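In: Predicted model, plus sequence, below.
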Amino acid sequence: MRDFKKFFSNKKVNLFFIFALLIIVTMAIGYSLNATRLNMEGTSSIDTRWDIMVTEVNVVDRFNARNIKKEITGPLEVNLSADIYGGTGSYIDYEITVVNNGNVDAVLNEVKGVDEANASDPTEIIMTVEDDIEGMVIYPYDSITFGVEIKFSDEATKTPDIEKNFNIEVVVSQESSSGTIIYPEDSCFTVENGVLTSYNCFSQYQNIIIPQEINGETITEIGEEVFGVDQIGDAVRRISLPNTVTKIGNRAFANSAIREIVLNEGLVTIGDEAFKENINIHSIKLPSTLKSIGNSAFSYNSLETVIIPDSVTSIGNYAFAYNALTSVTIGSSVETIGDAAFLIAGPLNMNPGSNFNLKKIINKTNKAFNWVKVAFDDFEDESSNFVTGTYYYDFYWMDQEDGTSHSETRSLEVTDH
């Protein structure tokens, strides 16, 4: 935070600083502080969530000072204890990360309470906050990091010997001009015989709510390659589908910057590569009406958990390959699972992960599958053909820093619960 630090005292003083980061939320008219449900004409109900929290506090720089404690004591509270032992000019810098887990844009307006705290005794100990945070936007499923410095003032003439507490408030509000919960005009969409074939409002909206009907035509299908980054830009964070959609075409949402996709009840078919290469998607809720999941439909995402509904009958090749899966549940009606549908591969192939932490699959079908084909590649091993059981395999990887090779024996457990 500072290029020049000055100190001219060797007296050691222990100071303990405690402050709370309290997010004051002020929502625009028509929105509640808590989760609300908006009903928009022509669309299904849309949940809005306002969920902001501190996730990290790190020491990034110091001069004749050391951190005693840095603790997140609540969703928006931080406890800091520091030992400032160098006298005047000594400092310790922290970075605080605030994450927006909701789906509404938030703007960091100001940090209140710093001036009042600095004016209280001992005035030799002051807090500063980096001066460019005002107006920072915290997009849904994104975060910001800002710096806080606690120090002896350069102008101090004495060394205080008492503790000083800092209580500050980070004021956050919804940006009314962000376009987050705005229903795009009909002109943003092109529809042919019920198929949405193009999106025409490049980078204008961060939240796209597709209506049930456009210019008198009911939307029943999302066409091929409609919502990729080349079609919608990299500003879109969330897309919601109407309850009338039954099919998502091949590569309809492939290679985009989307962070959340809301799939509708009534959806039956997800095409090949429909959501391929969406590394910002960490979770997905598949509807209870879904029947078929295409080849590579969700490959190269960041999914950690997948629950296949009981309605699904087929899962394509590589459907969930190259994610970060730790658990999979396969619904009771699944009849076919494609080769490498939940591919476990080494870190050399990660983007952003390769399911190499997948150790358990819940199989509710009461059918036997060849789990080597399902979890590894398109070859068969009869010893892995079972309803429930455990398959042991050798796992190889290479350390990307030093190039050394490693291996270990791992297991994949398949259970019915």
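Out: Here it is on my side, so go on. Nothing here was measured: the structure is a model prediction, and the numbers come from that model.

In: going forward, measure contacts between C-alpha atoms and count neighbours the same way
Out: Noted.

In: then the helix or strand encompassing V148 to PDB, C-alphas only?
Out: Of the helices and strands defined by DSSP states H and E, V148 is found in strand 142-152. Below are the C-alpha coordinates for strand 142-152, written out as PDB (Å, rounded to 0.1, in the frame of the first residue of the first chain):
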ATOM      1  CA  ASP A 142     -17.400 -13.000  -7.800                       C
ATOM      2  CA  SER A 143     -15.300 -11.300  -5.200                       C
ATOM      3  CA  ILE A 144     -13.200  -8.200  -4.500                       C
ATOM      4  CA  THR A 145     -10.100  -7.800  -2.300                       C
ATOM      5  CA  PHE A 146      -9.200  -4.500  -0.700                       C
ATOM      6  CA  GLY A 147      -6.400  -3.500   1.600                       C
ATOM      7  CA  VAL A 148      -6.400  -2.200   5.200                       C
ATOM      8  CA  GLU A 149      -3.300  -0.800   7.000                       C
ATOM      9  CA  ILE A 150      -2.800  -0.300  10.700                       C
ATOM     10  CA  LYS A 151       0.200   1.700  11.700                       C
ATOM     11  CA  PHE A 152       1.900   4.200  13.900                       C
END
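
In: Each with direction, which strands does it pair with?
Out: Note on strand 142-152: by DSSP bridges, its sheet partners are strand 91-100 (antiparallel), strand 125-129 (antiparallel).

In: Please name every helix or strand in contact with the next helix or strand after the longest one.
Out: Spelled out, that is strand 91-100. Heading C-terminal from strand 91-100, the first helix or strand you meet, by DSSP H and E, is strand 106-112. Packing partners of strand 106-112 (3 or more CA pairs under 8 Å, 6 or more residues apart in numbering; DSSP states H and E): strand 136-138, strand 168-174.

In: so how far is S288 from G338?
Out: 20 Å (CA to CA, to the nearest Å).

In: and those two? which has more neighbours close in?
Out: Between G338 and S288, G338 has the larger neighbour count (other CA atoms under 10 Å), namely 21 against 16.

In: residues contacting the more buried one?
Out: 295, 315-319, 373-374 (CA atoms under 8 Å, 6 or more residues apart in numbering).

In: neighbours of the spatially closest residue to it that is not a sequence neighbour, just the number please.
Out: Spatial nearest neighbour of G338, chain neighbours left out: N317 (4.0 Å); criterion: CA to CA, 6 or more residues apart in numbering. As a burial measure, N317 scores 26 neighbours (other CA under 10 Å).

In: and stretch 403-417, which residues are buried?
Out: 412-415 (16 or more other CA atoms under 10 Å).

In: Stretch 299-311 too?
Out: Residues of stretch 299-311 classed as buried by neighbour count (16+ other CA under 10 Å): 299-306, 308-311.

In: so of these, which ones are in strands?
Out: Secondary structure from DSSP state E places 305-306 of the buried residues of stretch 299-311 in strands.

In: can you list the buried residues of stretch 299-311 in CSV and add distance to V328 and pLDDT?
Out: Supplementary listing: the buried residues of stretch 299-311 in CSV, determined by distance: CA to CA, whole Å; pLDDT from 0 to 100:
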residue, distance to V328, pLDDT
S299, 14, 95
Y300, 16, 93
N301, 15, 93
S302, 14, 91
L303, 10, 93
E304, 9, 90
T305, 6, 93
V306, 5, 96
I308, 8, 98
P309, 11, 97
D310, 13, 97
S311, 16, 97
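
In: so the residue nearest to G338 sits in a strand?
Out: No. Under DSSP: H, G, I helix; E, B strand; the rest coil, N317 falls outside any strand and is assigned coil.

In: And it, how close does it get to E225?
Out: Note on N317: its distance to E225, by CA to CA, is 20 Å.

In: low pLDDT regions in the stretch 51-200 of the chain?
Out: Applying pLDDT under 70 to the stretch 51-200 of the chain flags residues 103, 131, 140-141, 160-165, 167-168, 170, 174-183.

In: if we can go back for a sec, can you give me the buried ones in the strand holding V148?
Out: Using 16+ other CA under 10 Å as the test for burial, strand 142-152 gives 142-147, 149-152.

In: what does it rub up against?
Out: 1, 84, 87-101, 124-130, 133, 136, 138.

In: Among those residues, the buried ones, what's the ChimeraX command?
Out: The buried residues among the contacts of strand 142-152 can be selected in ChimeraX (16+ other CA under 10 Å) with this line:
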select :84,87,88,89,90,91,92,93,94,95,96,97,98,99,100,101,124,125,126,127,129,133,136,138
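
In: what sits against M53?
Out: 75-76, 98-101.

In: Give the next helix or strand downstream of the helix or strand where it lies.
Out: Element membership for M53, per DSSP H and E: strand 52-63. Next along the chain after strand 52-63, taking DSSP H and E as the criterion, comes strand 65-74.

In: gap between that next one and the chain center?
Out: 25 Å (CA atoms, centre = their mean, to the nearest Å).

In: Which neighbouring elements make contact with the helix or strand following it?
Out: Of the helices and strands lying after strand 65-74 in sequence (DSSP H and E), the nearest is strand 77-84. Secondary structure elements in contact with strand 77-84, counted by 3+ CA pairs under 8 Å, 6+ apart, are strand 21-26, strand 52-63, strand 65-74, strand 91-100.

In: Give me the sheet partners of the third one and which way each runs.
Out: The sheet places strand 65-74 alongside strand 77-84 (antiparallel), with pairing taken from DSSP bridges.

In: Number of residues surrounding the closest residue to T313 other than its chain neighbours?
Out: Counting by CA to CA, 6+ apart, the nearest residue to T313 once its immediate chain neighbours are dropped is V334, at 4.0 Å. For V334, the count of nearby residues is 22 (other CA under 10 Å).

In: and V334, what does it touch?
Out: By CA under 8 Å, 6+ apart, V334 lies in contact with 310-315, 365.

In: again, 6 Å this time
Out: 312-314 (CA atoms under 6 Å, 6 or more residues apart in numbering).

In: what does V236 give?
Out: With CA under 6 Å, 6+ apart, V236 has these contacts: 206-207, 258.

In: Dump those residues into CSV; add distance to A65, secondary structure and pLDDT as well.
Out: Below are the contacts of V236 laid out as CSV (distance: CA to CA, whole Å; DSSP: H, G, I helix; E, B strand; the rest coil; pLDDT from 0 to 100):
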residue, distance to A65, secondary structure, pLDDT
Q206, 43, coil, 75
N207, 45, strand, 78
I258, 42, coil, 88
